[in-house]
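[1] Sequence isn't available, so here's the structure alone:
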C-alpha cells in the first residue's frame, strides 16, 4: 500500500485509487454525455465525517430511483470514502460520491439498460459554496428569472448535475452584482439555489420549500436545531413574495453549513447583516459539530 | 506527426490530440459536474462531412448563448474535426465537438465566469441512433409520461446533455417493449425524443414541433427535401393527439438521418411498415448524400 499523502486530493474510480489530477471520465460515458449520473457530497470537518450514513442512504436511494446499480455495497462506499480522505491526510475535506451510467456493453444496443454502472469518489480540500467573509456580511441574493427545472421532468430529490438553470441564475446574479441566486418554480414559489436549500424567517418561524428542491441533509440538521432551540420550522410551499419580504433569509448546504443572507433583490434586511435567528442557528451548528454531533471520526 | 491510424477513434482536448481511449474529462470539471457544456455532432459518410458549416455555425451560436468562449476559432474547429477524422481513416464517422466551462482559475471564486473554457472533439466509428434493421421495419414508439424540460429552464436550441427526462423516457419505452420515445411539453404538445426531432404526416403534409426541441440540422434537410418534392412542411405547435392519430411518423437526427416509425403507443400505422412519404424522404436523403449534397470531402 502506498503511504505518501495526496494533499491535493485522492480519487477512486471503478476499483482503482489515484491522485485527483488523474481522475477523469471518458468523453463517451453517458455519465458525462447524457449527464446520466447521480451524486452526493459529505463533509469532513475536524477529522470526522458529518452525517456519513445519512449521505450514503440518500445516495443509495438516488441510485435506485434512476436505476443505477453499481457493484459496491453501502459498506464498500463507506470504506472507499474513508480511504480517500485518509490518503489525503486532510482534516477538512469535500468528499464526493458519483454513480455513473457508464457505456453500453460491447455488441449491445445503445440503451442505458445495457450499461455497466460504476462509482467515482474523491476527497479534495474543503470547498466553501460561499467564502466565510461572505457569510459574515451575509450573502447578497437575487431571485432569478430562470425557473428551476420542473420536478416532473427531473426529480430534484435525486441529486443531479442538471445545472443549466442554476448556472443561468448564477450569471443573472453576476450581472446584477449579487453573490448568488434563488430559483422559483415559475409559478410564484421558491425552489432552491445552486447547491443549497433556501430558508425564510418571518415572525420567528423558519420555512423552506417542499418542492423543486433537494431533501438536504443540512436541511435536516436545520430542522433538528430548530426543534432543539424551540424555533418553529416548516417544509411547505414558500411564496416568492414571502421570501422577498422576510425578516431573515439563510441558505443551507453541505459545503458551507448554514449561510445567512443580508440582501435580496437589492432590499436590505435587518441591519445589512446576518439576522439574529440565522446567526444563532449558524453558531449552534458549528458549535455542535465541534462537539462531535453526528460525527464519524476518521482513523488517519 | 504520427502516421499510424486510430480506427477506434481520435480525440482532441484543449490543444492535444490522442486516441479515443485516452480522452477523458476531469471529475471536478464543471462540464461534467454541472453539465455546463454545449455540443454538436456532424456526420461523415462516404468520406465527406455533411453540412459541416451548418453544424459549426450552430455550435458557435450555442456557445455564445451560454457564454462559452474557447480559444479556437470556427476555422480552427473545422481543421480539428477534419484532422480527427483523417487520423482514424474512417469513411463513416460520428464526429462530436463539445465546449466545456472548465474549472475556476486558481485563486478566483467558484463561479462559471471565472473558468477557462475549452474544446473537446472526437471522431469515432459511425453510431446509429436506431440500427438499419429497426429503420427498415419502422420504430416502435411510445409517448412518454415524463415531460421534456421546459424551454424557460434550459434552452433546447442550445444542444445540451440535460438528458434526465429523455433517459426516463427511454426506460418507459423499454418497460413497454418499445424501441424509443417521444416527449411532450406536459401541456398536450409534442417536443422531441432522445436525440431526434419528431415529424407527423397527416393528409400528405409534414409537421414538427416549434418548441421544446432542437433546431435540427437534419430537420433543415427535411425541410429542403419537402420543398424539392413538393410536400407541405410546417414547424408549428404539434398536438400529441395529432401525432398519435397521424398517417405516418418519422424521426430525424444526424446519427441516423430520416428514420420512419411504424407504431406509436401500440397503434399500428399503415401496414406496420414505414409509410410512403417517410420512405420517399429517407431514400431521397441518402441518394442525395451519395451524390455529394452539402458535402465537404475529407483529404485522407
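    Yep, it's here. Just so it is clear, the structure is predicted and the values come from calculations on it, not from any experiment.

[2] tell me, how many neighbours does the closest residue to residue A:31 other than its chain neighbours end up with?
    What sits nearest to residue A:31 in space, not counting adjacent residues and going by C-beta to C-beta, 6 or more residues apart in numbering or on different chains, is residue A:100, at 2.9 Å. Where C-beta positions appear, they are placed from N, C-alpha and C, glycine not excepted. Using other C-beta atoms under 10 Å in any protein chain shown, residue A:100 has 29 neighbouring residues.

[3] and what of residue A:73?
    If we define neighbours as other C-beta under 10 Å, then residue A:73 has 10 of them.

[4] same thing with residue A:241?
    12.

[5] isn't residue A:252 right next to residue A:259, touching?
    Yes: at 7.2 Å, residue A:252 counts as touching residue A:259 under the criterion of C-beta atoms under 8 Å.

[6] Give the residues shared as contacts by these two.
    Common neighbours of residue A:252 and residue A:259, counting by C-beta atoms under 8 Å, 6 or more residues apart in numbering or on different chains, are residue A:196.

[7] what residue ranges in the stretch 51-200 of chain A are flagged as low confidence?
    For the stretch 51-200 of chain A, no stretch has pLDDT under 70.

[8] Please identify the residues of it in proximity to chain B?
    A:66-67, A:96, A:98, A:101, A:109-113, A:120, A:122, A:124, A:127, A:129, A:131, A:146-150, A:152-155, A:160-168, A:170-171, A:174, A:186 (C-beta under 8 Å from any C-beta of the partner chain).

[9] backbone phi and psi for residue A:126, please?
    Dihedral angles of residue A:126 (phi, psi; degrees, to the nearest 10) stand at phi -40, psi 140.

[10] same check, this time on residue A:9
    phi 140, psi 150.

[11] So what sits opposite the closest residue to chain B within the stretch 1-150 of chain A in the bridge?
    As assessed by C-beta to the nearest C-beta, chain B sits closest to residue A:24 within the stretch 1-150 of chain A, at 3.3 Å. When bridges are called by DSSP bridges, residue A:24 pairs up with residue B:26.

[12] Return the distance of it relative to residue B:116.
    17 Å (C-beta to C-beta, to the nearest Å).

[13] Which strand or helix spans residue A:11?
    Using DSSP states H and E, residue A:11 falls within strand A:10-13.

[14] Show me what that strand packs onto, helices and strands only.
    Judged by 3 or more C-beta pairs under 8 Å, 6 or more residues apart in numbering or on different chains; DSSP states H and E, strand A:10-13 is in contact with strand A:16-19, helix A:74-88, strand A:118-125.

[15] Please report the distance of the residue of chain A positioned farthest from its centre from residue B:130.
    Distance from the C-alpha centroid of chain A peaks at residue A:107, with 37.4 Å (C-alpha atoms, centre = their mean). Noted for residue A:107: a distance of 16 Å to residue B:130, by C-beta to C-beta.

[16] Could I get the phi/psi values of residue A:210?
    Backbone dihedrals for residue A:210, given as degrees, to the nearest 10, come out at phi -100, psi 0.

[17] tell me which element residue A:284 falls in.
    Using DSSP H and E, residue A:284 falls in helix A:276-290.

[18] Averaged pLDDT, that helix. What do you get?
    Helix A:276-290 comes out with an average pLDDT of 97.

[19] which other residues reach that helix?
    With C-beta under 8 Å, 6+ apart, helix A:276-290 has contacts from A:45-46, A:50, A:135, A:201, A:204, A:206, A:221-222, A:225-226, A:228-229, A:231, A:247-250, A:257-261, A:274, A:295.

[20] Out of those, which sit inside strands?
    Judged by DSSP state E, strands contain the following of these: A:45, A:50, A:201, A:206, A:248-250, A:257-261, A:295.

[21] Chain B: which of the residues you listed is nearest?
    Closest to chain B, out of all of these and judged by C-beta to the nearest C-beta, is residue A:259, at 13.8 Å.

[22] Sheet partners, orientation included, of the strand or helix carrying residue A:197?
    Counting by DSSP H and E, the element that carries residue A:197 is strand A:196-202. Using DSSP bridges, the strands paired with strand A:196-202 in its sheet are strand A:192-193 (antiparallel), strand A:205-209 (antiparallel), strand A:248-253 (antiparallel).

[23] Could you say which one of those strands comes nearest to residue A:12?
    Taking C-beta to C-beta, strand A:248-253 is the member of those nearest to residue A:12, at 23.3 Å.

[24] quick one: that closest one to helix A:276-290, angle?
    Strand A:248-253 runs at 30 degrees relative to helix A:276-290, counting by axes from the mean of the first three to the mean of the last three C-alpha atoms, to 10 degrees.

[25] Break chain A down into its structural domains.
    Here the domain parsing of chain A from automatic domain parsing is A:10-125, A:132-290.

[26] Of all those, which one is nearest residue B:40?
    Judging the domains of chain A by C-beta to C-beta, what sits closest to residue B:40 is domain A:10-125, at 12.8 Å.

[27] ok but residue A:218 is inside a helix, no?
    Yes: counting by DSSP: H, G, I helix; E, B strand; the rest coil, residue A:218 is found in a helix.

[28] Name the residues linked to the nearest residue to it once chain neighbours are set aside by a beta bridge.
    Excluding its sequence neighbours, the residue lying closest to residue A:218 (C-beta to C-beta, 6+ apart) is residue A:252, at 4.1 Å. Beta-bridge partners recorded for residue A:252 (DSSP bridges): residue A:197, residue A:258.

[29] For burial, what's the neighbour tally of residue A:252?
    Residue A:252, neighbours per other C-beta under 10 Å, totals 25.

[30] Enumerate every residue touching it.
    By C-beta under 8 Å, 6+ apart, the neighbours of residue A:252 are A:196-197, A:199, A:216, A:218-219, A:221-222, A:258-259.

[31] Same list, those, but as TSV with neighbour count please.
    Formatted as TSV, these follow (neighbours: other C-beta atoms under 10 Å in any protein chain shown):
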residue	neighbour count
A:196	26
A:197	24
A:199	29
A:216	21
A:218	23
A:219	22
A:221	24
A:222	23
A:258	25
A:259	27
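
[32] I'd like to know how far the closest residue to residue A:250 other than its chain neighbours sits from residue B:192.
    Among residues not flanking residue A:250 along the chain, residue A:278 sits closest, at 4.1 Å (C-beta to C-beta, 6+ apart). From residue A:278 across to residue B:192, the span is 44 Å (C-beta to C-beta).

[33] Could you give me the ChimeraX selection string for whichever of the residues of the stretch 51-200 of chain A next to chain B are buried?
    Entered in ChimeraX, the line below selects the buried ones among these, by 16 or more other C-beta atoms under 10 Å in any protein chain shown:
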select /A:66,96,98,101,110,111,112,120,122,124,127,129,146,147,148,149,150,153,154,155,160,161,162,163,164,165,166,167,168,170,171,174,186
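
[34] Please flag which of the residues of the stretch 51-200 of chain A next to chain B sit within helices.
    A:164-168, A:170-171, A:174 (DSSP state H).

[35] and these as a markdown table, adding distance to residue B:79?
    Listed next are these as a markdown table, based on distance: C-beta to C-beta, whole Å:
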| residue | distance to residue B:79 |
| --- | --- |
| A:164 | 29 |
| A:165 | 34 |
| A:166 | 35 |
| A:167 | 30 |
| A:168 | 32 |
| A:170 | 33 |
| A:171 | 31 |
| A:174 | 33 |
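
[36] check contacts around residue A:211.
    Counted by C-beta under 8 Å, 6+ apart, residue A:211 has contacts A:151, A:156, A:185, A:189, A:191, A:237.

[37] Name the member of those with the most neighbours.
    Using other C-beta under 10 Å as the neighbour test, those are led by residue A:191, with 27 neighbours.

[38] Span of stretch A:101-116 from start to end?
    End-to-end distance for stretch A:101-116, by C-alpha to C-alpha, to the nearest Å: 7 Å.
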